[in-house]
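Q: coords below, sequence missing:
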C-alpha cells in the first residue's frame with residue numbers, strides 16, 4: 001500500500017498512522033558506531049562538572065557531588081551569581097577553533113557511521129539559529145549556527161546527522177538560579193535568575209531577557225506558563241528538525257517531552273522524512289518507559305542486559321558529559337572497545353561522546369584513546385558494521401563482577417538512576433575487574449559468525465555454545481580466521497565445545513576477533 005506521499009498527495013499522517021508502519025532504517029541498524037559531541041556553553045568553565053549551569057548557583061550540591069566545585073569556581077572566575085550568572089558564561093563561550101569539516105572527517109575516519117550534536121541542554125540554550133528563542137549560539141557567545149555548520153559538514157561527508165535535546169527539564173533544573181547565598185557577605189542577595197530585561201540596560205545582554213533563559217521565578221509560574229513552555233518547545237524543535245534536515249532526534253527525558261508537544265515534533269520529523277524519501281528514514285531515540293514501536297530505545301552510560309529483538313543504542317562518555325578538568329577519565333581504548341563488543345552482540349549501536357574543548361577541538365590527552373578505538377574498529381569492520389546478533393550474545397558469561405567503583409553513578413538524575421541501575425548506568429570502566437580470557441561476544445554477517453574475545457591471552461579457549469550438542473545447534477566448523485592479520489588459527493570441535501587457539505601475535509592488544517565458518 002502506497003503512502004499518501006508516494007501517491008503524489010500531501011496528506012499529513014498522524015503519529016498513530018506513522019507508528020503502524022515504522023521499520024528501523026538500515027543506516028541505523030547497520031551503523032553500530034556513532035559519534036556524539038555533547039558540547040555547548042557549559043563546556044566553557046574548566047571545573048564544576050557537567051551540570052555547571054545548575055551547580056554554579058548551589059553552595060551545597062547535596063548528592064550531586066560532581067558539581068561541588070562549580071560555585072567556588074564561578075565566584076573566582078566570573079563573579080558572584082547575583083551579578084554574573086550562566087548568561088555571562090554563555091557570553092564567554094566563543095568556539096573559536098571549531099572546524100566542523102575537519103571534525104566530521106576525523107569521526108568518519110574512526111569508523112563512525114553517524115554523527116550527533118547537542119542542540120540544547122537542560123540549560124535552555126539553543127546551539128542553532130532559532131527564530132523562536134533568543135538565547136542561542138547565533139545571538140550569544142560564538143555568534144555561529146553550531147548545528148547548521150555540523151549539519152552541512154555531515155552532509156558533505158555523507159554521514160547521517162542527528163541532534164540531541166535535553167530541554168524539557170529546564171524549568172525545574174534551573175530553580176537554584178532563583179536562590180541566594182544562605183550566609184556570608186552576599187547572604188540573601190538574589191541570584192541573577194530574578195533579573196529582567198530592564199536590568200540589561202547598558203550591559204552586553206541589553207535587549208535580551210534573562211527570564212527567557214531561566215524561566216519565570218517559581219512564584220510567578222502557573223499552568224498557563226507551563227503550556228506556553230510546551231508550545232515554545234514544539235515550535236523551536238519543529239524548526240530544528242525541518243531547517244536542518246536531521247536523521248535522528250534524541251531525547252534525554254523519559255517519554256515525549258511535554259507529552260503531546262514533543263509527540264508533535266516527532267510527527268513533523270517522520271512526515272518530513274516520509275515526504276522526502278517515500279519512507280521513514282529518520283529515527284527518534286529516547287529512554288521511553290513504555291516501548292514505543294516507532295522509536296529507538298536508548299540506554300545511558302551502559303548496555304542492555306540482554307539481546308534486544310529491535311535495534312537500540314547505548315551512550316558513553318570518558319569522564320564528564322561536558323569536558324571538565326576535575327572529572328576523572330573512566331574509560332580507555334580497552335573499556336570502550338569491550339563496551340562496543342557487548343552492545344553490538346545484543347543488537348545495539350554505541351554512541352560515543354567526544355568531549356570537545358570549549359574552542360571546538362578534540363582534547364589532546366584524549367585523542368590517542370579515540371585513535372586507538374578507531375584503529376580497532378577499522379581493523380575489524382567486517383565484524384562490526386552491518387553485523388547482526390546470533391542466537392545468543394556471548395559465551396562463558398559473567399567471568400567478572402561489576403564493582404561498585406567501576407559502575408559509579410555520576411552526572412545523572414539520581415532519583416531515576418536508583419530505579420534504572422539494571423540497564424542504565426551499568427558501564428564497566430577502567431576500575432572494573434577484567435573479563436576472563438575466555439569470555440566472548442558474537443555477531444553474524446552473511447554466512448560468518450564472528451567471535452570477539454574480550455580479554456585475549458595466548459592459548460586455547462573453550463566455547464560450549466559452539467559444541468555440536470549445544471542448544472544453539474551450530475553447524476560443523478570448517479575454518480577459523482583471525483581478523484586483522486588474516487591468519488587461519490587452530491581449532492577443534494566436538495559435541496561439548498569449540499576449542500580455538502588465540503595466537504600470541506595479534507595486531508592489537510584489545511579484543512581479538514575471529515571469523516568462524518560453517519556454524520551458520
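A: Looks like it came in fine. Keep in mind that what you see is a predicted model, and the values were worked out from it rather than measured.
Q: how close does residue 487 sit to residue 221?
A: Distance of residue 487 to residue 221, given as CB to CB, to the nearest Å: 66 Å. C-beta here means a position set from N, CA and C on the backbone, and glycine is covered the same way.
Q: Same question for residue 306.
A: Counting by CB to CB, the gap from residue 306 to residue 221 is 42 Å.
Q: gap between the two ends of stretch 56-68?
A: 9 Å (CA to CA, to the nearest Å).
Q: And for stretch 49-65?
A: This stretch, stretch 49-65, spans 9 Å end to end (CA to CA).
Q: Could you pull out the buried residues of that stretch?
A: 49-59, 61, 64 (16 or more other CB atoms under 10 Å).
Q: Distance from it to the middle of the chain?
A: Averaging C-alpha positions (CA atoms, centre = their mean, to the nearest Å) puts stretch 49-65 22 Å from its chain's average.
Q: circling back to that earlier point, what about residue 306 and residue 221, which has more around it?
A: The neighbour comparison of residue 306 against residue 221 (other CB atoms under 10 Å) goes to residue 221, with 13 against 10.
Q: The more buried one reaches residue 171, doesn't it?
A: Yes: in this structure, residue 221 is within contact of residue 171 by CB atoms under 8 Å, at 7.5 Å.
Q: Mutual contacts of these two, please.
A: By CB atoms under 8 Å, 6 or more residues apart in numbering, residue 221 and residue 171 have these common neighbours: residue 215.
Q: Please tell me the pLDDT value assigned to residue 248.
A: We have a pLDDT of 98 for residue 248.
Q: what's across from the nearest residue to it once chain neighbours are set aside in the sheet?
A: Spatial nearest neighbour of residue 248, excluding adjacent residues (CB to CB, 6 or more residues apart in numbering): residue 162 at 2.7 Å. Beta-bridge pairing of residue 162 under DSSP bridges involves residue 116, residue 248.
Q: which residues does residue 162 contact?
A: Counting by CB under 8 Å, 6+ apart, the residues that residue 162 touches are 114, 115, 116, 117, 246, 247, 248, 249, 250, 283, 285.
Q: Which two among those are spaced furthest apart?
A: The two members of the contacts of residue 162 with the most space between them (CB to CB) are 117 and 283, at 15.5 Å.
Q: Most widely separated two among the buried residues of stretch 49-65?
A: Checking the buried residues of stretch 49-65 with CB to CB, the most distant pair is 50 and 59, at 19.0 Å.
Q: ok now do the spatially most central residue of the chain, which residues does it touch?
A: Centroid-nearest residue in the chain, with CA atoms, centre = their mean: residue 315, separated by 4.1 Å. Going by CB under 8 Å, 6+ apart, residue 315 touches 36, 298, 299, 300, 301, 350, 351, 352, 353.
Q: ranges for the helices of the stretch 151-300 of the chain?
A: Assigned by DSSP state H, counting those that start in this stretch, the stretch 151-300 of the chain shows helices spanning 170-173, 210-214, 223-243, 260-277.
Q: what about residue 251, how many residues close to it?
A: 24.
Q: pretty sure residue 391 contacts residue 472?
A: Yes: here residue 391 reaches residue 472: they are 4.7 Å apart, a contact under CB under 8 Å.
Q: which sections of this structure are below the confidence cut-off?
A: Where the chain drops to pLDDT under 70, the residues are 1-10, 289-291, 401-410, 412-422.
Q: do you know how far the residue nearest to residue 152 when sequence neighbours are not counted is from residue 39?
A: Nearest residue to residue 152 in three dimensions, chain neighbours excluded: residue 100, at 7.2 Å (CB to CB, 6+ apart). Separation of residue 100 from residue 39 (CB to CB): 11 Å.
Q: Look at these two and report which has more neighbours.
A: A direct count of neighbours by other CB under 10 Å for residue 100 and residue 39 places residue 39 higher, at 26 against 23.
Q: Going by residue numbers, what spans are strands in the stretch 101-250 of the chain?
A: Remark: strands assigned in the stretch 101-250 of the chain by DSSP state E, counting those that start in this stretch are 114-120, 161-165, 248-251.
Q: which helices and strands sit right next to the longest one?
A: With contacts defined as 3 or more CB pairs under 8 Å, 6 or more residues apart in numbering; DSSP states H and E, strand 114-120 has these neighbours: helix 26-31, strand 33-37, helix 146-156, strand 161-165, strand 248-251.
Q: and that strand, how far out from the chain's middle?
A: On CA atoms, centre = their mean, the centre of strand 114-120 falls 8 Å from the chain's centre.
Q: still on that earlier bit, on the strand side of things, show who the residue nearest to the centre of the chain bridges to.
A: On the basis of DSSP bridges, residue 315 is bridged to residue 300, residue 351.
Q: roughly how far apart are it and residue 292?
A: From residue 315 across to residue 292, the span is 18 Å (CB to CB).
Q: cool, and residue 158?
A: Counting by CB to CB, the gap from residue 158 to residue 292 is 29 Å.
Q: The residue nearest to residue 152 contacts residue 155, doesn't it?
A: No: using CB under 8 Å as the test, residue 100 is too far from residue 155 to be in contact (10.8 Å).
Q: What residues of stretch 160-176 count as buried?
A: Neighbour counts over stretch 160-176 (16+ other CB under 10 Å) mark 160-171, 173-176 as buried.
Q: Among those residues, which one lies nearest to residue 366?
A: Distance to residue 366, by CB to CB, is smallest for residue 164 among these, at 20.0 Å.
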